[in-house]
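Asks: Let's see this in three dimensions:
(2 chains)
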There are 2 protein chains.
Amino acid sequence: MTDYKLEYVTRLFEKTNNKKIENYVITRLWHKLDNVDIKMVPQQYVSRDNSKYALTDIYFPQFGICVEVNEPAHYFTQEKIETDFKRNQEIEQKISCEVIEIDCRPSLSEIHKQIDDVVRIINNKIEIQKRNKSFNAWCPENEFSVEFWQKKKIIELNKNIGFFTIDDVCRLFNADPQKIKRGFLRKGAIAHPKNDKIVIWWPSVNPRSNWKNTYNQDTGEIIESNVDVQKNYNHFNWGLKNSETRIVFLHHKDVLGFATYKYCGVYQVNADKTRSLQKLVWTRISNKFNLETLEN
Amino acid sequence: MTDYKLEYVTRLFEKTNNKKIENYVITRLWHKLDNVDIKMVPQQYVSRDNSKYALTDIYFPQFGICVEVNEPAHYFTQEKIETDFKRNQEIEQKISCEVIEIDCRPSLSEIHKQIDDVVRIINNKIEIQKRNKSFNAWCPENEFSVEFWQKKKIIELNKNIGFFTIDDVCRLFNADPQKIKRGFLRKGAIAHPKNDKIVIWWPSVNPRSNWKNTYNQDTGEIIESNVDVQKNYNHFNWGLKNSETRIVFLHHKDVLGFATYKYCGVYQVNADKTRSLQKLVWTRISNKFNLETLEN
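Replies: Okay, the predicted model is just below:
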């Protein structure tokens, strides 16, 4: 079994195979930081005004820093420069992070200097965080560990929580994964063992036998629909009478190709939207869930 | 215009796009060495016994060091381990270099340690070479500079000399590139301005209008042939009467995709082989050529 971090970082490098300079900058950032406690996230999704969005080149979640690699084409026109400037300002506001641009027009040594600056900024932040005892080392063993989150008691959207198996999702709530195998309730979800009005649900974004789930990254909204008009009608009508709360773990492949059940928050049916869309709409009612008290 | 070294190194990284761990090791070696005076050469061709050959993963020509990245599959069988061991021993003898293996089975930190060792070995060698004043910094401006080689006076096979244009090849010998444009002698070659028994030739390995040149990397032999039997016959018979010496610059795309006219040595027709093969065979008679004395 290859080291998970090695697998993660090599996939991160692989993402930029078609962008030679971006690949150069990202590999250099990683190797010069030379610190396996630092997590680098590719293509962080940032929703922008007017239903636009941006994908930042590289994001350091521990330090609130985005790095944008500007290949020479970025500077071809004044218009492009201004568009990028506005875009980066918007990103800074939206996810309250600092966007650092690497200008790749100059010579190799100038590019190196800019990367050295980023390395210095991040190392300074680590020093300050360590002094404050606020530094959280990158620890995938925890990100994917049921025991770790059970000890934490509270699961939260911004903690990037995901599991590799349905068994792990069930174990988090002390639900018996054998029950889904024996056909209890329904495949794809299981009732909370302490409160059957709370349902643990792991929808997939992949369409299956005419069912389709869409997940909106900005709003978190999930819409269920069926190609078959009658089945779709029955389903959203069932949903309108439904008062259950769902804790959602979205099954998806992330940008690096790791398939996980990712925690997306606590949901309830949005009756108004369901009626107007004629499709079952689930709205996030909370980012948090307390595993002990079962409170949002 | 992008920096040549940046272009070179990013192409070097690109070569290993399909081998994630090799890519990780190569990017790390480059960034941790962090020294633009060091040249890294991909896929150095090493001829082996019994017409076998090997391509080393990465070669440091300034220090006589090859680095082999052994992905976990290298260790699946004892047989594979032994084959690789013999192969590396043969490479060490053939190009008198040291082969360092990186074992990529262990954890990320173990891989890092092995790379740190290579970095230390190379940095030590640089220190010793600098003390001896024998260190030659990587300088592509020289590799491709007519003026640089004219000052050196002697061109040599092992110096990896190549030019981007036919004009540069001509200028090296003070031959007038305008003459090939006016149809003097023949396209593809030009007589030396001081001695018309010496011809500067830039054959291509790409077939053109039924002509084909093959270049043997081990022996340096060049074989010219034509699909048309009569043309082929006429050509090798012309060659058998020919007593000219040729200085050869092979037009080819190197492993990183740079198209250059690469100096291959001094050649004469090999009459025996030509008769037996019924194709015109050129044999390398010298690795060296003196630009001033015109001696091999």
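
Asks: can we go C-alpha only for contacts and neighbour counts from here?
Replies: Noted.

Asks: Now do the contacts for the closest residue to A:G162 other than its chain neighbours.
Replies: Among residues not flanking A:G162 along the chain, A:K262 sits closest, at 4.0 Å (CA to CA, 6 or more residues apart in numbering or on different chains). With contact set as CA atoms under 8 Å, 6 or more residues apart in numbering or on different chains, A:K262 has these partners: A:N160, A:I161, A:G162, A:F163, A:V248, A:F249, A:L250, A:H251, A:H252.

Asks: Counting by contacts, list what the helix or strand that contains the last one packs against.
Replies: So the one you mean is A:H252. A:H252 is part of strand A:245-253, with elements assigned from DSSP states H and E. Applying 3 or more CA pairs under 8 Å, 6 or more residues apart in numbering or on different chains; DSSP states H and E, one finds that strand A:245-253 contacts strand A:195-201, strand A:259-269.

Asks: interface residues of the stretch 51-200 of chain A facing chain B?
Replies: Residues of the stretch 51-200 of chain A lying near chain B by CA under 8 Å from any CA of the partner chain: A:R105, A:P106, A:S107, A:L108.

Asks: wait, the last one sits on B:V9?
Replies: Spelled out, it's A:L108. No: if you go by CA atoms under 8 Å, A:L108 and B:V9 don't touch, sitting 10.3 Å apart.

Asks: rewinding a little: write the PyMOL selection for whichever of the residues of the stretch 51-200 of chain A next to chain B are buried.
Replies: Buried residues among these (16 or more other CA atoms under 10 Å in any protein chain shown), as a PyMOL selection:
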select buried, chain A and resi 105+108
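
Asks: Can I get the residues of the stretch 51-200 of chain A next to chain B in CSV including secondary structure and pLDDT?
Replies: Shown next, in CSV, are these (DSSP: H, G, I helix; E, B strand; the rest coil; pLDDT from 0 to 100):
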residue, secondary structure, pLDDT
A:R105, coil, 86
A:P106, coil, 83
A:S107, coil, 88
A:L108, helix, 92
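
Asks: so A:H31, which of the three states?
Replies: Secondary structure, DSSP: H, G, I helix; E, B strand; the rest coil: A:H31 is helix.

Asks: Please compute how far stretch A:101-113 lies from its chain's middle.
Replies: Distance of stretch A:101-113 from the chain centroid (CA atoms, centre = their mean, to the nearest Å) equals 30 Å.

Asks: What average pLDDT does stretch A:251-259 get?
Replies: Mean pLDDT, computed over stretch A:251-259, is 87.

Asks: and it, how far from the chain's centre?
Replies: 10 Å.

Asks: which residue is nearest the middle of chain A?
Replies: Nearest to the mean C-alpha position of chain A, by CA atoms, centre = their mean, lies A:N160 at 5.8 Å.

Asks: now the helices and strands packed on strand A:245-253 in TSV, with distance to B:V118?
Replies: Listed next are those as TSV, based on distance: least, CA to CA, whole Å:
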stretch	distance to B:V118
strand A:195-201	50
strand A:259-269	36
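
Asks: looking at those, which is buried most?
Replies: Most buried of the helices and strands packed on strand A:245-253 by mean neighbour count (mean count of other CA atoms under 10 Å in any protein chain shown) is strand A:259-269; its value is a mean of 23.

Asks: outside of the helix or strand just after that one, which residues touch it?
Replies: Past strand A:259-269, further along toward the C-terminus, the next helix or strand under DSSP H and E is helix A:271-277. By CA under 8 Å, 6+ apart, the residues outside helix A:271-277 that reach it are A:F236, A:L240, A:L280, A:V281.

Asks: pretty sure the first one contacts A:L280?
Replies: Yes: with contacts counted by CA under 8 Å, A:F236 reaches A:L280, the gap being 4.6 Å.

Asks: Out of these two, name the residue with the larger neighbour count.
Replies: The residue with more neighbours, out of A:F236 and A:L280, is A:L280; 27 against 23, by other CA atoms under 10 Å in any protein chain shown.

Asks: Surely A:L240 and A:Q268 touch.
Replies: No: using CA under 8 Å, A:L240 is not in contact with A:Q268, being 10.2 Å away.

Asks: Just the buried residues of stretch A:122-131, please?
Replies: Here stretch A:122-131 shows A:I122, A:I126 as buried, counting by 16+ other CA under 10 Å.

Asks: what's the answer for stretch A:245-261, then?
Replies: Under the neighbour-count criterion of 16+ other CA under 10 Å, stretch A:245-261 has A:T245, A:R246, A:I247, A:V248, A:F249, A:L250, A:H251, A:H252, A:L256, A:T260, A:Y261 buried.
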